[in-house]
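Chemist: I would like to see how this sequence folds:
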Amino acid sequence: MLIEYLFSGPKGDIPIGPDELAIPFKISPSENHPFLTLEDYFKAIKEFLLKDHGKPLIDIIRERSNGHISQDGIQKILIRSEKHGVLYHLASVEIFFGTRSVKLSVSTAISEKGRDWLTHEFDILRLLDRAFDLPYLPKPYFAGAIELHSGPSKETLTMVLADWFEDYHEWHLSVDKDSGKERICIWDLKNGHGFASEEESHEIFRKAAEILTFYYDTRNFSQIYPWHHAAGDFIVKRTNGIIDIRLTTARRYESFMGFFSDGNVDPVIALIYFFLNLTIRMRLDRLDGLGDKVWAGNFSVEASTKGFFDALRIMETDGRYYLGKVDDVLSLLKSFSPEEIDKLLRSLLEMYRKDDPGDFSIVRSNLKGHVNRLHRVVQNSRL
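Modeler: Predicted structure coming up:
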């Protein structure tokens, strides 16, 4: 079996030679590990993939390819270093067998905080995969820990194997220098960064809102939260003018209604709070992913509202809405005055302040305009 170590680059794979393998492994983008090298990292991924003589990996390939593959059927594995983040390090793994291949992802955490978070996210992904059987989150396969030693020192790397979303790209709000306007820039590393059209931008936000609503549980108010565009949580694929969206992870899955009340909560009111929070958080990003906090344009309110109701109607048809008729929720929202919407949204401000003071500041400064826009969008929505 041939195993190659590579860097993923915008113009294709970059081979890694002995000199590169000897460089220190980065704990974070700006900090080197005291004794691990890049070669240690790649070999740890190899050991993780081939544990138990590769049987778990073979089982996954059989599941993914709907075919038979023998224990010695793997011909080649390409392990690509894709991204080094603050908490996790991401690699893609391409496994070749016969005339076919399967591509998966390996997330690695080395810090205590990173290991705890990665283990927690694996458990949540597994829970949501079993509960919903939806295609929008990466399917988690298995997790494990690899111990590396250097003399008396040792390090534990926690790893998770999951789906890889091929040809999906990170995106962020950016400024178009030609027009001076704020637009969505899709980070296509192969074909070059490019701005989404107005129609594509609307669909990106609509689909993201729809996905989050699909995972909302109307019975116990559990939801995927927190999430943030600045973290690159949603990724996009463009195929012949069709926009497809995926969510890269789920950090938590629980209700945030305990923030407002210790007692019983009306399920419809909980759904209203989910919707209001959705319309706010959809507008938050960092310019070009790393810059100043930025607030998406009014189009995002229409898109988020449509995505929310599109999902609810599908849930109603599938028999998992559980709150009567979706149109009753829209009728209730239509009955709210701008002042009532403002009051409900202001009750969310303390949560934003605790989560992220920067987000809190930009939400507070834009709240009045958001209330007025949301009120108009709801009034114009059709039953």
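Chemist: Determine the number of other residues adjacent to residue 240.
Modeler: Using other C-beta atoms under 10 Å, residue 240 has 4 other residues around it. For the C-beta atoms, the positions are set from N, CA and C on the backbone; glycine is no exception.
Chemist: and if you look at residue 146?
Modeler: Here the number of neighbours of residue 146 (other C-beta under 10 Å) works out to 19.
Chemist: How about the contacts made by the closest residue to it other than its chain neighbours?
Modeler: Nearest residue to residue 146 in three dimensions, chain neighbours excluded: residue 44, at 4.4 Å (C-beta to C-beta, 6 or more residues apart in numbering). Counting by C-beta atoms under 8 Å, 6 or more residues apart in numbering, residue 44 touches 108, 146, 148, 157, 159.
Chemist: Then residue 73?
Modeler: By C-beta under 8 Å, 6+ apart, the residues touching residue 73 are 58, 97, 98.
Chemist: Quick check: it vs residue 100, distance?
Modeler: Counting by C-beta to C-beta, to the nearest Å, the gap from residue 73 to residue 100 is 10 Å.
Chemist: repeat for residue 239
Modeler: Residue 239 is 21 Å from residue 100, by C-beta to C-beta.
Chemist: and the longest helix along the chain, how far out from the chain's middle?
Modeler: Once the chain is assigned using DSSP state H, the helix that runs over the most residues is helix 357-380. Centroid displacement of helix 357-380 relative to its chain, using C-alpha atoms, centre = their mean, to the nearest Å, is 24 Å.
Chemist: follow-up on the earlier one: now the buried members of the contacts of residue 44.
Modeler: Applying 16 or more other C-beta atoms under 10 Å to the contacts of residue 44, the neighbour count classes 108, 146, 148, 157, 159 as buried.
Chemist: could I get these as CSV with distance to residue 301?
Modeler: Shown next, in CSV, are the buried ones among the contacts of residue 44 (distance: C-beta to C-beta, whole Å):
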residue, distance to residue 301
108, 38
146, 46
148, 49
157, 43
159, 40
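Chemist: what's in contact with the longest helix of the chain?
Modeler: Outside helix 357-380, the residues that reach it (C-beta under 8 Å, 6+ apart) are 276, 279-280, 283-284, 293-295, 298, 301-302, 305, 330, 333-334, 336-338, 341-342, 345-346, 349, 352-353.
Chemist: Just the buried ones from these?
Modeler: Buried among the contacts of helix 357-380 by 16+ other C-beta under 10 Å: 276, 279-280, 283-284, 293-295, 301-302, 305, 330, 333, 336, 341-342, 345, 352.
Chemist: Which of the residues you listed fall in strands?
Modeler: The members of those that map onto strands under DSSP state E are 284, 293, 294, 295.
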